[in-house]
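Asker: give me coordinates for this.
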Amino acid sequence: MAAGMQRVRGNRGGKIALIVVACVLAVAVAIGGIVAKYHNDQEQWMHDVVYSKEADKIYRNIFKYDDPNAFTENGKIHTYQVDDKSVRHNPMGGINLTLYVNHKDDLYVYVTLNKNGGSGPLEDSVGGYSRGYSDLIGAES
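Answerer: All right, here's what the predicted structure looks like:
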């Protein structure tokens, strides 16, 4: 009988270990799902901000500062587009992105969008620009 009881206990221990492993795996899968959802939500939020009317106004102000005639026949800047691949969360806060000008790869501006205090109006800082953009704007200055 003693040998028989040990087998029952041995099987019981194996079942408990299997249950523990299954629980750990379930928790890991749940955490992975939560992290993936958070990442997707953050990506969607950044996309919404970058393509918002408020952001468009900021971009246009940046270009109008550099070229007062921007978006007119007399301007040097006619169009801009957001480089979707460049949209990234800035570790210091905000969203980094690149704006291409006049559909040219050598004319671009780096921009960081941020909300003052996390809830204020959208603000920007220009992080730099390409030599081609500098030449384009410098020719007018």
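
Asker: now the strands for this protein?
Answerer: 80-82, 88-89, 95-101, 104-115, 122-129 (DSSP state E).

Asker: where among these is the average confidence lowest?
Answerer: Of all those, the minimum mean pLDDT falls on strand 122-129 (a mean of 86).

Asker: tilt between that one and strand 104-115?
Answerer: Here the directions of strand 122-129 and strand 104-115 differ by 150 degrees (axes from the mean of the first three to the mean of the last three C-alpha atoms, to 10 degrees).

Asker: for strand 122-129, packing partners?
Answerer: helix 53-66, strand 104-115 (3 or more C-beta pairs under 8 Å, 6 or more residues apart in numbering; DSSP states H and E). Every C-beta, even on glycine, is put in place using the N, C-alpha and C of the backbone.

Asker: just say which of those is most tucked in.
Answerer: Among the helices and strands packed on strand 122-129, the stretch with the highest mean neighbour count (mean count of other C-beta atoms under 10 Å) is strand 104-115, at a mean of 18.

Asker: give me the angle between that strand and helix 53-66.
Answerer: Orientation check (the same axes, to 10 degrees): strand 104-115 against helix 53-66 gives 120 degrees.

Asker: mind giving me the packing neighbours of strand 104-115?
Answerer: Using 3+ C-beta pairs under 8 Å, 6+ apart, strand 104-115 is in contact with helix 53-66, strand 95-101, strand 122-129, helix 131-138.

Asker: excluding chain neighbours, what is closest to residue 136?
Answerer: residue 76 (5.4 Å; C-beta to C-beta, 6 or more residues apart in numbering).

Asker: from memory the one you found sits against residue 138, does it?
Answerer: No. Contact criterion C-beta atoms under 8 Å: residue 76 and residue 138 do not qualify, at 10.3 Å.

Asker: ok, the spatially most central residue of the chain - contacts?
Answerer: Relative to the mean C-alpha position of the chain, the nearest C-alpha, by C-alpha atoms, centre = their mean, is the one of residue 88, at 3.4 Å. Counting by C-beta atoms under 8 Å, 6 or more residues apart in numbering, residue 88 makes contact with 95-97.

Asker: bridging residues for it?
Answerer: On the basis of DSSP bridges, residue 88 is bridged to residue 96.

Asker: brilliant, that's me finished.
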